[in-house]
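K.L.:
model the structure of this input:
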Amino acid sequence: MVVTSPDRTELRDPMLLRPFRVTERVVETHDTVTLTLQAADGGPPMSFRPGQFTMFYVFGIGEVPLSISGDPAEPERLVHSVRAVGAVTNAICALAPGDEVGIRGPFGSSWPISAAHDSDLLVVAGGIGLAPVRPVIYHALRHRSSYRSVSLVYGARTPGDLLYTDEVSEWKGRFDANVHVTVDRAEPGWLGDVGVVTPLLRRLSFDPDATTAVVCGPEIMMRVVAKDLMARGIDAEHIHVSLERNVKCGIGYCGHCQIGSTFVCKDGPVVTYAAVARRLAMEEL
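P.N.:
Got it, this is the predicted structure:
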C-alpha cells in the first residue's frame, strides 16, 4: 500500500514487496555469487546509502536481510553479494538472469562517509564482510579529494575465498589508496600476505585523532580489530561496525534482532563500537 504524508510525499508500506528481476549473476567463490537486479515494476530506482540493507524474498522459499554491495551512484542497479549458508541463501545463489524476486527496503543506518570528510578513512573487512563496505570504497574513490588517506585491509580464509579479485587488484594499483590483502591459509601460487588482518594495520599511517574506521566481518574479527585500533589511539566512537544478523522483519516489528534496547534493523546495522563493545564481548548473543 502507498499512502500520502501531510507534505504530500508518497510513503510506501515497508512490508510491501517490490518486484525485481535478476539481470546478471557472477560467481565470486565456491559458495558466493553477486547478483545484479533491476526494478520490474516500472518504478524509480532504489536509492540507498552505503551500509543499508534490503529484505530479499525468494517466492515460495523465504526472506533474508542482505547488505547492498553496489555503487550508490548507480541506484538503477541493485547489487547483492550472497553466500550460500541456508535454505534461502542457497535459493538466492541459484537464481539466474530473468528470475524475479521480491525486495523490501532499503533499511537501516549507514556508514559515516560524510562525517569522515577531511580525515583518514580506514576500511577493514573479513570474508563476506567486504560486500557491505564495498559501497564505501566506491564512494571514497569517486570523491577522493574529500578524504586525506583511504586505506583498505581485507582478509579471507584462502585465496579462493577472496571477493571481487579484479576490483581489489585495480584498487591496489591506485596511487591514492592503500590496499593490503591477506589470507589465513595460502594456496599454491599465492604470493601475498598470510595471517590475520591486524598485523597489516601496523603498516598504515593515519592520525588517530582524525580517523574514521569502518569494520565489517565475523564478530570476533571486529572485536580484535577494534581493540587494536583503540590501542593505536582511535576513539571507540570513531570505529563503526555492522551487526546485520538476526534481522527478521527489517522494521522493528518482530523483535527478533533486539539486543538490549537496540533493534539492529532500526538502530543499525551500522553502529559505533562504543555502543556495542560490551555486547559484542558476549558469546552467542
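K.L.:
residue 99 is in contact with residue 25, correct?
P.N.:
No. The criterion here is C-beta atoms under 8 Å, and residue 25 misses it with residue 99 at 9.1 Å. The way it works is simple: take the backbone N, C-alpha and C, and place the C-beta from them, glycine included.
K.L.:
who's more crowded, the two?
P.N.:
residue 99 (18 against 15; other C-beta atoms under 10 Å).
K.L.:
that one contacts residue 23, correct?
P.N.:
No. Counting by C-beta under 8 Å, residue 99 stays clear of residue 23, with 10.0 Å between them.
K.L.:
ok, what's across the strand from residue 64?
P.N.:
residue 56 (DSSP bridges).
K.L.:
let me see the contact set for it.
P.N.:
55-56, 86, 88-89, 92 (C-beta atoms under 8 Å, 6 or more residues apart in numbering).
K.L.:
can I get those residues in a markdown table with pLDDT and neighbour count?
P.N.:
Output for these, formatted as a markdown table (pLDDT from 0 to 100; neighbours: other C-beta atoms under 10 Å):
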| residue | pLDDT | neighbour count |
| --- | --- | --- |
| 55 | 93 | 23 |
| 56 | 96 | 25 |
| 86 | 92 | 11 |
| 88 | 95 | 18 |
| 89 | 96 | 21 |
| 92 | 98 | 25 |
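K.L.:
what's the farthest-apart pair in those residues?
P.N.:
55 and 86 (15.0 Å; C-beta to C-beta).
K.L.:
give me the nearest residue to residue 217, chain neighbours excluded.
P.N.:
Setting aside the residues directly before and after it, residue 217 is nearest to residue 126 in space (C-beta to C-beta, 6 or more residues apart in numbering), at 2.7 Å.
K.L.:
pLDDT weak spots in the chain?
P.N.:
Under the criterion pLDDT under 70, the flagged ranges of the chain are 1-12, 245-268, 280-285.
K.L.:
so which elements touch the lengthiest strand in it?
P.N.:
Scanning the chain for the longest strand, with DSSP state E as the assignment, gives strand 18-27. Counting contacts by 3 or more C-beta pairs under 8 Å, 6 or more residues apart in numbering; DSSP states H and E, strand 18-27 is packed against strand 32-39, strand 100-107.
K.L.:
between that strand and strand 32-39, how big is the angle?
P.N.:
150 degrees (axes from the mean of the first three to the mean of the last three C-alpha atoms, to 10 degrees).
K.L.:
what pairs with strand 18-27, parallel or antiparallel?
P.N.:
Using DSSP bridges, the strands paired with strand 18-27 are strand 32-39 (antiparallel), strand 100-107 (antiparallel).
K.L.:
which one of these lies nearest to residue 133?
P.N.:
Nearest to residue 133, of all those, is strand 32-39, at 14.5 Å by C-beta to C-beta.
K.L.:
centroid residue for this protein?
P.N.:
residue 132 (0.9 Å; C-alpha atoms, centre = their mean).
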